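**Student:** give me a 3D structure for the following:
(2 chains)
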Amino acid sequence: MNQILISRRSILRGGGALVVSFAMPSVASAASAESLSPAGKSLSGEAVDGFLSIGTDGIVTVYSGKVDLGTGVPTALAQMVAEELDLTLDQIHMITGDTALTPDQGTTSGSNSIMKGGMQLCAAAATARNALLKMAGEKLGVAADELTIEAGVIKPSSGGEGIGFGELVGGKTFELAIDPDAKFKSPDTYKLVGKSIKRFDIPGKVTGTFDYIGDVRVDGMVHARVIRPAAIHADLVSVNEDSVKDIPGLIKVVREGNFLAVVAKTEWAAVKAADALEVEWSDWKGLPDQSKIYDYVRNSEIDKTDVVATAGDAAGALANAKKTLEATYSFPIHSHASLGPSCAVADFKDGKLTCWSPSQGNHALQKQLAEMLQLDAQNIRIVYVEGAGCYGRNGFEDCTADAALLSKLLEVPVRVQWMRHDEHGWDPKGPPSLADLKGAIDDDGKIVAWDSQFYHAQSVGNAVTLVAADLAKLSHQPGGRAGSVQGNADLGYKLPNVQTSVHWVKNTPFRASWIRTPGRLQNTFANECFIDELAAEAKVDPFDLRLSMLEDPRGREVMERLRKLSNWETRPSPASNQEGNIARGRGVAYCHYHNTFAYVAAVCEVEVNRESGEIKATRFYVTHDLGQVINPDGLINQVEGNVCHTLSRTLHEELQFDNSSITSLDWVSYPVLTMTGAPEIIVELIDRPEEPPMGGGEPSAAIVTAAVGNAIFDATGVRLRQVPFTPERFKAAAMD
Amino acid sequence: MPQSVTLNVNGKTVSIEIDDPDMPLLYALRNDLGLKGPRFGCGMGQCGACTVLIDGSSARSCSISVGALDATAEITTLEGLGTPENPHPIQAAFIEEQAVQCGYCVNGMIMEAASFLKENSKPTEEEIRAALDNNICRCGTHTRIIRAVKRASEAA
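**Tutor:** Here you go, the predicted model:
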C-alpha cells in the first residue's frame, strides 16, 4: 500500500496549483465558512468530516493533523482507523498536515500522535461506523446490531447481500459531530491493531522514489540561500553586491534589516553567491563564557519557583539524618542538528501564501507567518512535506519563514535550503539546566529525605521566535520555549520526606526550544543517578532500592521484567574485582513518563577504558509499557531510536560557542554517535490492549543518560554528573 | 558560459548544461537529472547522505565536481540499484528489517553498503559497523541498519 506516496506526489506535481484529490462533498454543509477549507472540506476537529471522507470507490481518506517526523506514525494511524472501520489497509488513503485539509490537532510533539491524535481519529471512525451500520440497516432492512463489516462492506451477520461504504455514502459528507461516547471495537476482534504492519513509506525511502521536502519543485521556482549574522546579534553594516555580480544565474541580493539572502536561478549559483558575498557585520560579543555556562544558569535571575512535590518534612529529616549526600547534575546545550538541513518552498501569489514545509506544527506556524507578513491566516496554506528526522522545534519553521518572506518580497516561488552551518548555528537550542539534590538514608538503607531543586529556562511567548521575523524586524512576539521541562522533576517513588522545586531562570543564552524528551531527560538523569548514589552509600542493590519505593503495579512489572531480561546480578555498586584496563558495569534507570504516561526502564551495560577514559555502551535492555501497542515493530524502532539518539547526546553532544557565535557548525565540531558506538538493544514490550495507547516517541529516551551514568559508576566507582560523558570528563572525575 | 557535460548515470548517457564545472555532482543529479536518492546533508563529505557509486565504489557526490568526472565514469544512484517493485537485495533487506526512521541517511547507508559488500561479501558485524562509521544517522536507526546490511550479505 502506497497511498501516502500517491497523495504526496499528487500534491507535489500540482506545483503552485496544488492538485489534491479527495471526495468533494455533495451535500451542502451547514458548517460555518471558517471551519471549511477553500475546497469546502470540513476542518473541524469535532466533526467526522474533519477527519474522514469516503469516496465512491469506498476508499476512506483520513485527514490527520499529526504528521510523520520520521517515526512512521501514519502507518499506525491507518491501522487504527482501518481497525475501527473494518477496512483493509489498502482502502485507506492518508493525508497529513495540510492546513487547508486537516484539522488542527496541535503540534506533532510530546509523544501525542497516537495517544491524542490517533484517539481522535478512532473516535471519528467509531462514530462513522455506527452511522454506516445504521444507514446500511435501513437499506437492507436488517437491525444494525445484526450486521457485520468486512473490508468496507456491510452484510447481515446471517449472510446475504451486503452494501459497500462507497455505495452508502461515497462522495457525500457525514454531517455528524464526533460522538465522544462511540464505543471502540473490542480488542479481541482486532485484525490490524497490535500487528507489526510494515511501514508504507519505507519502500519509497530506500529506492529514491519518496519525496522529501528537498525534492519539492514548483513551476517558476528560484533558489535562495540565507546569510546569517557573523555574531548572533550583530547588525548588518554593509553588503558589497559587486562581489557576486559575475556569478551566472544570480537574480538578486535581498536585504531586509539584518535579514540577508541571495536568490538565483540555479541552486549552485545561490550556494556560490552566499559564499562569495562580501558582508560587513557589526561586532557583538554578548554570549556568556562557555566554560562557565552552569554559573550563568545558577546566577540567572529566577522568574518564579514552582514547588512540584512535597511530603513530610524534607528539611527536618535532612537536618536530623546521620547520613546525607549532596550532588549537582548538569545537562548541556544541545542542537537538534538535523541530518537534513532545513528546507522549504514558498509561493506568494495574489495575496495568498502557500508553503511546503517540514514543520511539526504547521497550524502554529500559520499563525506566526500571518503576524510576520501581516496576512490573514486564512490566506496562508502550509502543506507538510517530510524533512529529515525531527526531534522537536528545530530550524524547519525558521527556514519556512525565510522562504515565505523571500517569496512575498519577490512574488515568485522560492526554495530555501539551509547549509550545514545554518542548521548547526541557527536552529534553536535545548537550553542548559542544573539540578541540586540532597538525600538522606537511614540505618536500614532506606531513603528518608529527598530535596531536589531544578533550574530550567523559563518559557517566553507562545511560540519560538522566527529568525526571519527577528532579523528583518517584522512583527512578532519574541519567544523561546523549552517544552514541559518540569516533567518528571517529581520523583516517581514513594518517600516519606520530599521537597522538589523547579526554579524558572529568566535568561538562557540561545533561542530556546524543545528537543526530544525536554526536561524529562534532564530531570530523570539527575533523579535516577542520585538514587544510585544513595544506594551505593547505603551499600544496597540499586534495583532493590527502587522496588522498595515503587508502589505502582505497572511500574513494578516493568522493573521486575527488566530484572529478568537483563539477568541482573543483585549486589551494590560499584562492582568489585575489576581487573585490567577495561572496566565493565551495569546501571539501571526507571521512569513513569510525566508520572502519568508510559512506564519504561532500562539497564545499560558499559565498558570504560580507565586509561583513555573512553566509554562504550555495549548493550541496553529496555522494558516498556505504554498500554495498548498499535504496531509493535514500529514501537521497538522508536525505542531503539530513543536509545541511540540519547546515547549520542549523553556521550558526545555539547554546543560549542565563543562570545559572539556558535562554533560547532559541522559534524566534526559537534560529534554524534556513529555505527561503531551503537549498542545492542534488547526491547521487551508489555502490551495491554485493554488500556489506552500512550506515546512511545520519547519516554524511553528519559532513562538513557541515567542508566549510562549508573553503569559507569558501577564499572569504575566514578560518578559523572555532567553531560556529555567525554573521556576528558571521566579522567578528571577519576582523579578527584 | 554555459557548457555541456556528458555523464553516465544509472546506465544511461545524459547531457546537461551547466554554468560552472566546479558544481558538485550532487546538484547535477538532483536538479538537472531529477534524481532524489542522493540527498544534501552537509556539503562537506562528512555525513554520507549524498553517497553514490562511481565505477562501483562509494563516493560523496557533494564533494566531487561535475567537471572532474570522466564521461565514461559509471555513476549509480539509489534509483539505479532497484525500484519499489524490484528492489536490490540491500534495499529489500532494509525493507525486511524496517531499517528506516526518517530515512534521510538511508541513501548513504545503502550506497556505502553496496560498495562495501562488493569488497567483502561476508562481513562480520564489526566490519559492517566500521564500513558505515562515516555515515551519520540522527534518528538512532543504527542497529537496524547494521542488521539490514548483515541480512543483505547473507542473502547474496
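
**Student:** tell me what the longest helix seen in chain A is packed against?
**Tutor:** In chain A, taking DSSP state H as the definition, the longest helix is helix A:119-140. Contact analysis of helix A:119-140 by 3 or more C-beta pairs under 8 Å, 6 or more residues apart in numbering or on different chains; DSSP states H and E lists helix A:48-51, strand A:52-54, helix A:73-85, strand A:147-150, strand A:153-156, strand A:163-164, helix A:165-169 as its packing neighbours. Backbone N, C-alpha and C define where each C-beta goes, glycine included.

**Student:** for residue 110, give me the backbone phi and psi.
**Tutor:** Just going to use chain A. Main-chain dihedrals, residue A:110, degrees, to the nearest 10: phi 60, psi 30.

**Student:** meant chain B, my bad for not saying
**Tutor:** Main-chain dihedrals, residue B:110, degrees, to the nearest 10: phi -70, psi -40.

**Student:** so what's it up against?
**Tutor:** Taking C-beta atoms under 8 Å, 6 or more residues apart in numbering or on different chains, we find residue B:110 in contact with A:206, B:78, B:81, B:88, B:90, B:91, B:94.

**Student:** let's see 7 Å
**Tutor:** A:206, B:78, B:81, B:90, B:91, B:94 (C-beta atoms under 7 Å, 6 or more residues apart in numbering or on different chains).

**Student:** one more: residue A:338?
**Tutor:** A:387, A:388, A:389, A:390, A:394, A:395, A:423, B:138.

**Student:** does residue 107 belong to a helix, a strand or coil?
**Tutor:** Because you didn't say which chain, this covers chain A. coil (DSSP: H, G, I helix; E, B strand; the rest coil).

**Student:** okay, domains of the chain per the record?
**Tutor:** In the absence of a named chain, chain A is used. Domain assignment of chain A by automatic domain parsing yields the ranges A:3-207, A:215-283+A:337-427, A:518-735.

**Student:** try again with chain B
**Tutor:** Split by automatic domain parsing, chain B gives B:3-80, B:82-155.

**Student:** for these, which one sits closest to residue A:288?
**Tutor:** Counting by C-beta to C-beta, residue A:288 lies closest to domain B:82-155 out of the domains of chain B; the figure is 27.3 Å.

**Student:** if we can go back for a sec, how about a markdown table for the contacts of residue B:110, with pLDDT added?
**Tutor:** Shown next, in a markdown table, are those (pLDDT from 0 to 100):
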| residue | pLDDT |
| --- | --- |
| A:206 | 98 |
| B:78 | 98 |
| B:81 | 98 |
| B:90 | 98 |
| B:91 | 98 |
| B:94 | 98 |
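
**Student:** so, low pLDDT: which residues of chain A?
**Tutor:** Scanning chain A for pLDDT under 70 picks out A:1-36, A:38.

**Student:** surely residue A:313 and residue A:497 touch.
**Tutor:** Yes: because the distance of 5.6 Å satisfies C-beta atoms under 7 Å, residue A:313 is recorded as touching residue A:497.

**Student:** settle this for me: residue A:452 is touching residue A:439, isn't it.
**Tutor:** No: between residue A:452 and residue A:439 there is no contact, the gap being 8.7 Å when judged by C-beta under 7 Å.

**Student:** state the distance from the nearest residue to residue A:135 once chain neighbours are set aside to residue A:125.
**Tutor:** Closest residue to residue A:135 apart from its sequence neighbours, by C-beta to C-beta, 6 or more residues apart in numbering or on different chains: residue A:168 at 5.2 Å. Separation of residue A:168 from residue A:125 (C-beta to C-beta, to the nearest Å): 15 Å.

**Student:** which of those two has more neighbours?
**Tutor:** residue A:125 (27 against 20; other C-beta atoms under 10 Å in any protein chain shown).

**Student:** identify the residues contacting the more buried one.
**Tutor:** Residues in contact with residue A:125, defined by C-beta under 7 Å, 6+ apart, are A:52, A:81, A:84, A:85.

**Student:** cutoff 6 Å now
**Tutor:** Counting by C-beta atoms under 6 Å, 6 or more residues apart in numbering or on different chains, residue A:125 touches A:81, A:84, A:85.
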